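Chemist: Need a 3D model of the sequence below.
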Amino acid sequence: MQVMAEPLLHDDEAESFVQQAIRDLCACDVPFLLAGTFAVSAYTGITRLTKDLDIFCKAGDAQRLLAYFQAENYAVEIEDDRWLGKVLKDKKFFDVIFASPNGTMPVGDDWFEQGRQIHLYDCKVGIVGPTDLIWSKCFVQMRHRYDGADVVHLILKTHAQIDWHRLLAHMEVHWEVLLMHLLNFRWIYPSERDAVPAWLLTELLERLDAQRQLPPPQMKICRGRMYSRVDFEIDVKEWGFADVGGEGDRRASKGHSSDE
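Modeler: Model (predicted):
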């Protein structure tokens, strides 16, 4: 793996906790990858205030990692057995993440194969590769948090390192979300449009064109819940839309027509 520049932490109060946590993570015999602000900083040079860490590992390793820290006198919580645990000391904590809350992003061996390394607090630490880091941020779109800026900054600074075929495979079912991020990048950085491969934009636009010739789906679905369960709660509870899973109301058939 390539050794990259060390990111900065802009929070003096959290410095000692983060430093000790990194050292304990490196002493732990469980593979992990650093994500979040630290990874974004490593790839882009952007620094911002942060008080915690995002640690990614495989689901099968999450229990061992949490048990290790519990034995080291940290408090641990299983916040959501589907994707998230926490390691705490006093009011400081770091997240142990092994999937995404919407179920689209299980961490696997391939994440470690695609990872990079940085030096942090005299430790050599693996960080999530740029392709998987972008994937992990594509669905973070809530009222109180939006990671779209991270996505476009990562494309700007790491486009030569991104495995675009892998990213498309990650987003295959949700290709429209990828297209929206790429159009957002083109709008924000018009002089850098060629950072995104032409074949990828052509592929996504051809899918959109084909989709526009088809009738709308009969099942009323609100995939906004993949962005935010709270912001789109009313759609499911009161407006008859299906959640990501389950049944919703049916649209009245109006025959085959395009949206033109």
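
Chemist: mind giving me the domain ranges of this protein?
Modeler: 1-128, 130-214, 217-248 (automatic domain parsing).

Chemist: just checking, Thr104 touches Val140?
Modeler: No. Contact criterion C-beta atoms under 8 Å: Thr104 and Val140 do not qualify, at 11.8 Å. Where C-beta positions appear, they are placed from N, C-alpha and C, glycine not excepted.

Chemist: Turn the domains of the chain into a markdown table, columns for mean neighbour count and mean pLDDT.
Modeler: As requested, those are exported to a markdown table (neighbours: other C-beta atoms under 10 Å; pLDDT from 0 to 100):
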| stretch | mean neighbour count | mean pLDDT |
| --- | --- | --- |
| domain 1-128 | 17 | 86 |
| domain 130-214 | 16 | 96 |
| domain 217-248 | 15 | 86 |
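
Chemist: quick one: the strands in the chain?
Modeler: 3-4, 33-34, 53-56, 75-80, 84-89, 92-97, 116-120, 123-127 (DSSP state E).

Chemist: List the strands paired with the third one, with their directions.
Modeler: What that stands for is strand 53-56. strand 33-34 (antiparallel), strand 92-97 (parallel) (DSSP bridges).

Chemist: Not counting residues beside it along the chain, what's closest to Ala176?
Modeler: Actually, residue 176 is Glu rather than Ala. Once flanking residues are discounted, Glu176 sits nearest to Leu208: 7.5 Å by C-beta to C-beta, 6 or more residues apart in numbering.

Chemist: show me the contacts for the residue lying closest to Leu53 once chain neighbours are set aside.
Modeler: Ranked by C-beta to C-beta, 6+ apart and with sequence neighbours excluded, the top spatial neighbour of Leu53 is Phe94, at 3.7 Å. Phe94 makes contacts with Val18, Ala21, Asp52, Leu53, Asp54, Ile55, Lys86, Val87, as judged by C-beta atoms under 8 Å, 6 or more residues apart in numbering.

Chemist: Report the separation between the last one and Val76.
Modeler: The reference is to Val87. Distance, Val87 to Val76, by C-beta to C-beta, to the nearest Å: 6 Å.

Chemist: No further questions, thank you.
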